[in-house]
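[1] No sequence on hand, only this structure:
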């Protein structure tokens, strides 16, 4: 039961009064403050002025009907199995519900939403059965719906004829996202063209002709954001001309082949000089941009994301003219030197930077660019070489929340420690395969205790740690009781690694949502069992057996308390042999599991075991077993 349910009514009223800034008496009916409660996987946002109950919302078997009429926003954090879909009809009592997010729900349960006539936003991850012609029929009753986002929990494409169910909403729906739900062809595009109020359209699977795309563009003049697959041979001229995608504030996210990407990126400055966001997602290997770029014309550009496309020096220098840039994700060719990178020194609006560099860039050039970006909130650096002084500008980034380093060879323990310790606002720290491992671990251990806001730590190593280093890392992490994610691992095979009992101290991290346990770092069954018993809120778990013989049925049995576990990855767990029936049986208690992956885990690879798991795990949307 949620701890909120046990609070005295007087205390709840006091909280409400404080949040509403009320001097006394009943909370004002016009109060706009909201109290966010998390109860049994549900998050509810209620208007305090209208809801000060003696017993705060308690979601056990059914919703508290006295509170339901006051709910404005609901979010289902845990997966909802098919057997429990009968609880959704209780939502009909939420007459004022405006926003609903469902993490994982079976399609039949959505029929209960038809009566929510006040709903404005629905975001759902849906477990679809096989092809169902009326898969969107339930949406027709949501007469005021403005935003609809549907993501398929697994790849089971639905017929695009179901789009006709959205036609009653054509004057209201402004945002539509269909992620891996269907393949949009000319027939579906003709139906979608009738949704005349659309401003944001995201269809990740698309196969339409030039004529259909042009017709869709002419029918949707309000369209300002488009994400879709652009086939080769289909031009975007009409799309950019007839809609607002290329206008000031417009955005385009294109999933394209190498040839299409080259043309789109090279000519962006000429075809869409006013665009605010341009993201190109490659459907294939990366490449070097062969044609001269036109980035210098993109004076209104706020976001540019080009993963997998190597930029030459000229293109890098032109980005220095895009003074409105706030988000940038690029990879630099090996020929780019310091003078080209220093053209970015005036990009002082930058909030998010993901930079894959090269080993020729100097410390001063990288640090000089970072010093010009004091507003950074997210920083990701890859393939850089130098000293920890590269990160010295972190001390001036008071808004920095996320730092990721991958493949960076940063020398100097003291400089690296000082730089990491100065980033006191960090919430997420990710370091993968960087520098000399002993120096890196020493710097990380020293810095962790200086980061009071830290909630996520990921440390990817190249090899096993000496026992003293592993103990120091485990002991330090056990003191960070605010952590919600801890990934400490390496991928290679290890031999004769002694057990490190200090990993058992991680049982103090009762708020963990994600964990990676790695036997190559000294995890054993006793430590794992203790942590699993304490961190019962875990939703994602990875177990890597570098030794190939440690993980056995006792590890699987330790998973029993993890009632909210949604994602499980078992890596190289050869100890779960083909004759070990306990492995599959132990997993059947994980009724919230939506994704299961077993790599080099023979005990789960035979067809009979897979079918047994599929029939006993009601939320399982994806299972992958391979060698």
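    Alright, I've got the coordinates. Every value quoted in this text rests on a predicted model; they were computed, and no experiment measured them.
[2] for the chain, what helix or strand is lowest in average pLDDT?
    Here the helix or strand of the chain ranked lowest by mean pLDDT, DSSP states H and E is strand 34-39, holding a mean of 49.
[3] what about the strands in the stretch 351-500 of the chain?
    With DSSP state E, counting those that start in this stretch, the ranges of strands along the stretch 351-500 of the chain come out as 352-356, 378-382, 385-387, 402-406, 409-411, 428-432, 456-461, 485-490.
[4] Could you do the stretch 51-200 of the chain as well?
    Assigned by DSSP E, counting those that start in this stretch, the strands in the stretch 51-200 of the chain fall at 71-76, 99-106, 121-127, 147-152, 175-179, 200-203.
[5] Between strand 99-106 and the first one, find me the angle.
    Just to be clear, that refers to strand 71-76. Counting by axes from the mean of the first three to the mean of the last three Cα atoms, to 10 degrees, strand 71-76 points 30 degrees away from the direction of strand 99-106.
[6] I'd say residue 193 and residue 221 touch.
    No: Residue 193 lies out of contact with residue 221 (Cβ atoms under 8 Å); the separation is 11.2 Å. In short, each C-beta sits where N, CA and C put it, glycine included.
[7] Pull the contacting residues for residue 234.
    Residues in contact with residue 234 (Cβ atoms under 8 Å, 6 or more residues apart in numbering) are 208, 209, 210, 213.
[8] quick check, it in a helix?
    No: looking at residue 234 with DSSP: H, G, I helix; E, B strand; the rest coil, it is coil, so not inside a helix.
[9] Got the phi and psi for it?
    Residue 234 adopts backbone torsions of phi -100, psi 120, taken as degrees, to the nearest 10.
[10] Distance check, it against residue 461.
    45 Å (Cβ to Cβ, to the nearest Å).
[11] How about residue 513?
    Distance from residue 513 to residue 461, by Cβ to Cβ: 22 Å.
[12] The two: which is more packed in?
    Per other Cβ atoms under 10 Å, whichever of residue 513 and residue 461 has more neighbours is residue 461, with 23 against 19.
[13] Spatially nearest residue to that one (excluding sequence neighbours)?
    In space, and not counting its chain neighbours, residue 461 is closest to residue 490: 4.0 Å by Cβ to Cβ, 6 or more residues apart in numbering.
[14] Who are the contact partners of the one you found?
    By Cβ under 8 Å, 6+ apart, the residues touching residue 490 are 460, 461, 462, 463, 464, 518, 520, 521, 546.
[15] The fifth one against residue 498, yeah?
    It stands for residue 464. No: counting by Cβ under 8 Å, residue 464 does not reach residue 498; the two are 10.0 Å apart.
[16] Residue 500: neighbour count?
    For residue 500, using other Cβ under 10 Å, the count is 21.
[17] which residues sit in contact with the closest residue to it other than its chain neighbours?
    Nearest residue to residue 500, sequence neighbours excluded (Cβ to Cβ, 6+ apart): residue 522, at 2.9 Å. Residues in contact with residue 522, defined by Cβ under 8 Å, 6+ apart, are 465, 467, 470, 471, 474, 497, 498, 499, 500, 502, 503.
[18] If burial is judged by neighbour count, which of these pass?
    Burial by neighbour count, judged by 16 or more other Cβ atoms under 10 Å, picks out 465, 470, 471, 474, 497, 499, 500, 502, 503 from these.
[19] Quick one, grab the pLDDT at the last one.
    At residue 503 the predicted local distance difference test score is 97.
[20] now swap in the first one and tell me
    What the model reports as pLDDT for residue 465 is 91.
[21] try the third one
    pLDDT, residue 471: 96.
[22] Numbering from 45 from now on, please.
    Understood, numbering begins at 45; the last thing we discussed is residue 515.
[23] pretty sure it contacts residue 546?
    Yes: Residue 515 is within contact range of residue 546, at 4.4 Å (criterion: Cβ under 8 Å).
[24] on that earlier part again, nearest to residue 132, of the strands of the stretch 95-244 of the chain?
    Ranking the strands of the stretch 95-244 of the chain by proximity to residue 132 (Cβ to Cβ) places strand 143-150 first, at 7.6 Å.
[25] Could you figure out how far that closest one is turned away from strand 165-171?
    Using the same axes, to 10 degrees: strand 143-150 against strand 165-171 is 10 degrees.
[26] same for strand 143-150, what does it pack against?
    With contacts defined as 3 or more Cβ pairs under 8 Å, 6 or more residues apart in numbering; DSSP states H and E, the packing partners of strand 143-150 are strand 115-120, strand 165-171.
[27] Show the low-confidence segments of the stretch 445-594 of the chain, by residue range.
    Scanning the stretch 445-594 of the chain for pLDDT under 70 picks out nothing.
[28] Show me the helices in it, by range?
    Secondary structure of the stretch 445-594 of the chain (DSSP state H, counting those that start in this stretch): helices at 457-466, 481-492, 511-522, 569-578.
[29] Just send the ones you listed back as a markdown table, with distance to residue 437 too.
    Output for the helices of the stretch 445-594 of the chain, formatted as a markdown table (distance: least, Cβ to Cβ, whole Å):
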| stretch | distance to residue 437 |
| --- | --- |
| helix 457-466 | 8 |
| helix 481-492 | 16 |
| helix 511-522 | 25 |
| helix 569-578 | 36 |
